[in-house]
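> A structural model of the following input is requested.
(one chain, ligands or ions: 1)
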Amino acid sequence: MADQTMANRIMTDRTASAPKPQQTSPQLCCIGCGALRGQATQNFRCPSCGDLLEIVYPGWKSADGIRSNLSPTSLKNLWRQRKISDLPLDQSGVWRFREVLPALDNWQTVISLCEGNTPLYELPGCARSVGIQRLYGKHQGMNPTGSFKDTGMTVAASFAKQQGFRWVACASTGNTSASMSAYAARGAMRSLVLIPEGQISWGKLSQALDYGALTCQLKTDFDGCVQVLNEVVQRMPVYLLNSVNPYRLEGQKTAALELLEQCDWQVPDHVIVPGGNLANSAALGKAFVEMKDLGLISRVPRISIIQAEGANPLVRTLREAGGKELVRVRAETMATAIRIGNPASWKKAIRVVQATDGTVEQVSDVEIALAKAEIGADGIGCEPASAVTLAGLKKLLKQGFVQANQTVILILTGHLLKDPEFTLKFHRGDLFSGSAQEKEARSLSEQQRGPVVLEASADAVIRTVEKFST
Ligand code: F0G
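All right, here's what the predicted structure looks like:
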């Protein structure tokens, strides 16, 4: 979309002839007290009880909303047809599913970078090594800014634009800030990023800078950044784009729809998701439940959430507090994207695990590093936080929660190039040097493929190839 004006014109011309979104009016509903609201406050929390809001579509359950206008079969056909449409709105793998999203007053305010449309890869090497027949990775790292955040950002940033905001803001472990600043730039809005100093990867930081964000590195962790931002949004007219914003979750839902479409609407047995602030698992779970309500699928997959051992508030909340009260932790993990101890969407995530009969598990940084290299060896790079899914799957298989003949989808949330430093250190063998895991990490040597330094001669290269071909 090099020419924005042209794109807008095409959008206007063609949207008129596009099938109109068949929607019941969505409402904002508090997940705590159930109060319904037409509009959200600055902090996207319920003014009565302080809990999070979610977008609900009255009528879907009773099957008189979308289904009276478009049957499940026609919806599936419509979404598939849009894949060959040249309408910009259809070229977005998010807005292609606009019937299940909140509608904008004017489609021209959509800020899109052609997000979504991400591949579903078979992972044959990983499948063999864990002993399972059908294992796939839904690679959300193949989005425009390299993470799943783009699918939610196109929706929430478009709503910010519609409401006339000049500034958008987020606290982030890196990917949200990269995504938000790109969408803000495309929508001619300013972006304010709060990140924990020294705790996000260079790849992500450089994206925010390049997309023109005002980037503030705070001397605290992610949870501290969230706290500061909450105060900022109360005191200034900035639009909050953290995942407490329920519009983001609506966009993130579409990965589940696209996944099911890629599976020819055959429901997999298990979907395994990394857990940080716990919005993505909540969004995917919401999508599966809604798809069932709409008659698009007849059952939901089990959704399991995997956290890093050092950033495991959800695991502890379920194991130690029966899911009733959040057990906050001081988070520490090399998978910096999910270094979160006080996750905002914990209640939503628990609801998903319970509604889908899923589970939660935790994995060590060494297990994450190994899993990441195994995914890489299948030719599919991902960032450390994404690799918790494979590390978690190994444990779920051992426990018998997942069986070898079942179909499993790993949600790979971020691209390999987001955190090249982790990968380089891993292969050079010094990722865990000086850490408490140094001894445990010795087991990783088989996976390490550090660069070989040689004389500049063909002989030296050939000798090395011969050595490695045995
Ligand atoms: N994977 C990656 C690559 C992430 O960046 C994140 C979260 C998650 C998984 C966890 O998703 O928070 O919805 O449970 N990153 C956020 C950020 C927090 O600021 O970029 P979640």
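> which positions in the stretch 201-350 of the chain make contact with the ligand?
Within the stretch 201-350 of the chain, the positions near the ligand by C-beta under 6 Å from any ligand atom are 243, 274-281, 337-338. To be clear about C-beta, it is placed using only N, CA and C from the backbone, and glycine gets the same treatment.
> out of those, which sit inside helices?
279-281 (DSSP state H).
> and the residues you listed as a markdown table, adding pLDDT, neighbour count and distance to residue 325?
Listed next are those as a markdown table, based on pLDDT from 0 to 100; neighbours: other C-beta atoms under 10 Å; distance: C-beta to C-beta, whole Å:
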| residue | pLDDT | neighbour count | distance to residue 325 |
| --- | --- | --- | --- |
| 279 | 98 | 26 | 19 |
| 280 | 98 | 29 | 22 |
| 281 | 98 | 31 | 19 |
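> and residue 408, that one's in a strand?
Yes. Assessed by DSSP: H, G, I helix; E, B strand; the rest coil, residue 408 belongs to a strand.
> which residues touch it?
Residue 408 makes contacts with 132, 134-136, 268-272, 393, 402, as judged by C-beta atoms under 8 Å, 6 or more residues apart in numbering.
> quick one, what contacts the residue most central in space within the chain?
In the chain, the C-alpha nearest the mean C-alpha coordinate belongs to residue 148, at 3.8 Å (C-alpha atoms, centre = their mean). Taking C-beta under 8 Å, 6+ apart, we find residue 148 in contact with 140-141, 175, 252, 255, 280, 411, 413-414.
> the stretch 201-350 of the chain: helices as residue ranges?
Ranges of helices within the stretch 201-350 of the chain are 202-210, 222-235, 246-262, 279-293, 313-321, 346-356, based on DSSP state H, counting those that start in this stretch.
> among the ones you listed, which comes closest to residue 456?
helix 202-210 (29.7 Å; C-beta to C-beta).
> so which bits of that closest one are buried?
203-205, 207-208 (16 or more other C-beta atoms under 10 Å).
> now stretch 294-301
For stretch 294-301, by 16+ other C-beta under 10 Å, it's 294, 296-297, 300-301.
> what's next to it, contact-wise?
Here stretch 294-301 has contacts from 60, 63, 66-67, 71-72, 75-76, 100, 257, 260, 265, 267-271, 285, 288-289, 291-292, 355-356, 409, using C-beta under 8 Å, 6+ apart.
> sketch out the low-pLDDT regions of the stretch 151-300 of the chain for me.
Within the stretch 151-300 of the chain, no stretch has pLDDT under 70.
> follow-up on the earlier one: so which of the contacts of residue 408 comes closest to the ligand?
residue 272 (11.8 Å; C-beta to the nearest ligand atom).
> show me the contacts for the closest residue to that closest one other than its chain neighbours.
Closest residue to residue 272 apart from its sequence neighbours, by C-beta to C-beta, 6 or more residues apart in numbering: residue 389 at 4.4 Å. Neighbouring residues of residue 389 by C-beta under 8 Å, 6+ apart: 137, 272-274, 306, 371, 410-412.
> how about 7 Å then?
272-274, 306, 410-411 (C-beta atoms under 7 Å, 6 or more residues apart in numbering).
> TSV for the residues you listed, including neighbour count?
What follows is the contacts of residue 389, written out as TSV (neighbours: other C-beta atoms under 10 Å):
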residue	neighbour count
272	28
273	30
274	32
306	33
410	30
411	23
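> count the residues that sit near the spatially closest residue to residue 56 that is not a sequence neighbour.
Leaving aside its sequence neighbours, residue 56 sits nearest to residue 29 (C-beta to C-beta, 6+ apart; 4.5 Å). For residue 29, the neighbour count with other C-beta atoms under 10 Å is 19.
> who are the packing partners of the helix or strand containing residue 29?
Assigned by DSSP states H and E, residue 29 belongs to strand 27-30. Under the contact criterion of 3 or more C-beta pairs under 7 Å, 6 or more residues apart in numbering; DSSP states H and E, strand 27-30 touches strand 36-37, strand 53-56.
> what's the least confident stretch among those strands?
Ranked by mean pLDDT, the helices and strands packed on strand 27-30 bottom out at strand 36-37, with a mean of 92.
> tell me which strands that strand pairs with, and in which orientation.
Paired strands of strand 36-37, with direction, are strand 27-30 (antiparallel) (DSSP bridges).
> with just CA atoms, put the strand it pairs with into CSV.
C-alpha atoms of strand 27-30 as CSV (Å, rounded to 0.1, in the frame of the first residue of the first chain):
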residue,chain,number,x,y,z
GLN,A,27,-21.2,-4.2,23.7
LEU,A,28,-18.5,-3.8,26.4
CYS,A,29,-19.1,-6.1,29.3
CYS,A,30,-17.3,-6.3,32.6
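> average pLDDT for that strand, rounded please.
The model assigns strand 27-30 a mean pLDDT of 96.
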